[in-house]
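Trainee: Below are the sequence and a predicted model for it; my questions follow.
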2 protein chains.
Amino acid sequence: MAAASDRPGEFELIARHFAPIAGAGGLGLVDDAGLLRPARGYEIVVTTDALVAGVHFFPDDPPASIARKALAVNLSDLAAKGARPDGFVLTLALPQGWTESWLADFAAGLSRIAGEGGCPLIGGDTVSTPGPLTLSITAFGSVPAGRMVPRSGAKPGDLVLVSGTIGDGALGLKAHGPARPAWVAQLGAAERDFLADRYLHPQPRLALAEALQRHASAAMDVSDGLIGDLAKLLKASGVGADIELDAVPLSPAARAAVMADPALAELAWTGGDDYEILCTMPEREYSALMAGAGEISVPLTQIGRITAEAGVVHYREKGRVREFAHGSFSHF
Amino acid sequence: MAAASDRPGEFELIARHFAPIAGAGGLGLVDDAGLLRPARGYEIVVTTDALVAGVHFFPDDPPASIARKALAVNLSDLAAKGARPDGFVLTLALPQGWTESWLADFAAGLSRIAGEGGCPLIGGDTVSTPGPLTLSITAFGSVPAGRMVPRSGAKPGDLVLVSGTIGDGALGLKAHGPARPAWVAQLGAAERDFLADRYLHPQPRLALAEALQRHASAAMDVSDGLIGDLAKLLKASGVGADIELDAVPLSPAARAAVMADPALAELAWTGGDDYEILCTMPEREYSALMAGAGEISVPLTQIGRITAEAGVVHYREKGRVREFAHGSFSHF
């Protein structure tokens, strides 16, 4: 099977729907492979994510939304590593009964996010499956050699920062899904729509990539929940942290949800699907970053500080210590 | 979700089974991404393939064989493009009821083929699926800039060559599968085993990559059947060909199968799963290649010649013209 496979039928599908998304490295999607041509002195950051209908999205979500999310979660990883997107490959396992109009909508959504992210398609493989729709995307980005932002670079005294707002994705899943809890009805329509949109259409923080590359000591994107993902960053860095939960930035819609049901604060902190950036940096780097006015368009909020106690996190909420039994969503 | 995702449980699985396969670019599989560091003056060839249980392999095939095949088909693409493997990423959607012993065997098979191919794991994502086991591999290889062997370079007068033997995979599928046709019983056990092994364990022709890069005008691997894949190469190159079907190299086991049932010759030519190299080169390049004695360890056999008639292929068998209704396996 070829990277840009072109069996009869598949060939036509690719030419019609996917070739328009292809960049120069995709070679028109008619060869067996794509090409990456890194600039001199640059390295290629590689990230990959699989998404399964019924696990990572609802099977009847709009196909354009599914496509957008599949690429956005990979772009989010590239942003966290300080990388500029170069391109991506897609494998698509189509379930029984798929239609060309579904595929056309999917490709249209993919095209939009690929265009916004400056990340063209450079290859793929389309197969059939007796199971649910399954997608896998591998995305590529460039960083100057040695400048990828690792998980493992946090140092005692560094600030702990998050981008944007936390919890909208996890709350949005509830607002968007078929079994809507009682609190959803207490929100206004605009708040419900905002949260559902944050779940369906994560915004990869590519605008922060350059700033992270220059200033951050460690970074990752928040996909499995802030609390659990922070634990991974701390483990990789061999450090601990003091975290002020009251400082975790919530959107107005998320605040309204927590007002309706205070237990939702924990969902916001642990639920995942944020696709915001969690990062650490020395205080002087944060000052330098903030001094470069207008350099970043997405707010970064300090939520705590790195400590030397490896693996130990002190969470405080309203001045009291708080513990978490379940740090993050687990597939197993 | 992270490239080297590490949810609780998943983290342990990765550390135990996959980290030993990881190369330097995998960063221990504890970061969100892998790194490719191309040598100066080199480009990265990218290929990707998805495999679904029940479509591309039998669900109860040995897990080590499934792993081997999943990487081998990607290495085969890299070889056809003249590339030296650098690494790969894997996404694995595990079905209900998977066991750790299955995963251990899978990882062991993956480790062997990764070692043989000089192609370490540099990242991945493991998720659960309500459907069948689904794998997607994206593999990377290096070529000197501008030297990837395209599909589109065949010129009138070029020789048409194939590596190894053709048809073993398609015949092996019949010999290996649950519904064995009558001719299978007419083969010796060694012949049946040979064919089944060729289906289960394709040998990527990495030993030919350097020679292809130096001498071939066009190349691709034969995955969907020789006749159909040749048609794609000709289309991409805007040329035609005269092909001598009697010259298509068959293994002794495939010859025995065709003796038992002459209709199997067509299956051999069109059936796919060969993972041999189909290539074209000017006659002087072929002479130069052959003069470099010992340079290649896999035989290349001439089966015809490129003509200027775009899209027109004349097949001859025992001196008579032959036509094909179905060029190759199609998923749709």
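Mentor: That came through, no problem. Everything numeric in this text was worked out from a predicted model, so none of it was measured.
Trainee: Chain A: strands as residue ranges?
Mentor: Assigned by DSSP state E, chain A shows strands spanning A:34-36, A:42-52, A:84-95, A:121-129, A:134-144, A:159-163, A:218-222, A:240-244, A:276-281, A:300-307, A:313-317, A:320-322.
Trainee: What is the first one packed up against?
Mentor: Translated: strand A:34-36. Under the contact criterion of 3 or more CB pairs under 8 Å, 6 or more residues apart in numbering or on different chains; DSSP states H and E, strand A:34-36 touches strand A:84-95, strand A:121-129, strand B:42-52. For the C-beta atoms, the positions are set from N, CA and C on the backbone; glycine is no exception.
Trainee: What helices and strands are in contact with the first one?
Mentor: In this case it means strand A:84-95. The helices and strands touching strand A:84-95, judged by 3+ CB pairs under 8 Å, 6+ apart, are strand A:34-36, helix A:63-80, helix A:100-117, strand A:121-129, strand A:134-144, strand B:42-52, strand B:134-144.
Trainee: between the helices and strands packed on strand A:34-36, which one is nearest to A:T307?
Mentor: A:T307 lies closest to strand A:84-95 among these, at 32.8 Å (CB to CB).
Trainee: tell me the angle that closest one makes with strand B:121-129.
Mentor: Interaxial angle of strand A:84-95 relative to strand B:121-129 (axes from the mean of the first three to the mean of the last three CA atoms, to 10 degrees): 40 degrees.
Trainee: okay, the helices and strands packed on strand A:34-36 in TSV with mean neighbour count, mean pLDDT and distance to A:A209 next?
Mentor: Output for these, formatted as TSV (neighbours: other CB atoms under 10 Å in any protein chain shown; pLDDT from 0 to 100; distance: least, CB to CB, whole Å):
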stretch	mean neighbour count	mean pLDDT	distance to A:A209
strand A:84-95	25	95	6
strand A:121-129	26	92	20
strand B:42-52	26	95	20
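Trainee: Those strands: which one's closest to A:R305?
Mentor: It is, among the helices and strands packed on strand A:34-36 and with distance given as CB to CB, strand A:84-95, at 29.7 Å.
Trainee: returning to what we had before: can the helices and strands packed on strand A:84-95 go into TSV with extra columns for distance to B:P20?
Mentor: Listed next are the helices and strands packed on strand A:84-95 as TSV, based on distance: least, CB to CB, whole Å:
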stretch	distance to B:P20
strand A:34-36	27
helix A:63-80	23
helix A:100-117	34
strand A:121-129	27
strand A:134-144	22
strand B:42-52	22
strand B:134-144	18
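Trainee: Out of those, the one nearest B:A256 is which?
Mentor: Between B:A256 and the helices and strands packed on strand A:84-95, the shortest separation by CB to CB is 29.1 Å, and it involves strand B:42-52.
Trainee: Strand partners (parallel or antiparallel) of that closest one?
Mentor: In the sheet, strand B:42-52 lines up against strand A:34-36 (antiparallel), strand B:134-144 (antiparallel) (DSSP bridges).
Trainee: From the chain's centre, how far out is the shortest one? Work that out for me.
Mentor: Which is strand A:34-36. From the chain centre to the centre of strand A:34-36 is a distance of 24 Å (CA atoms, centre = their mean, to the nearest Å).
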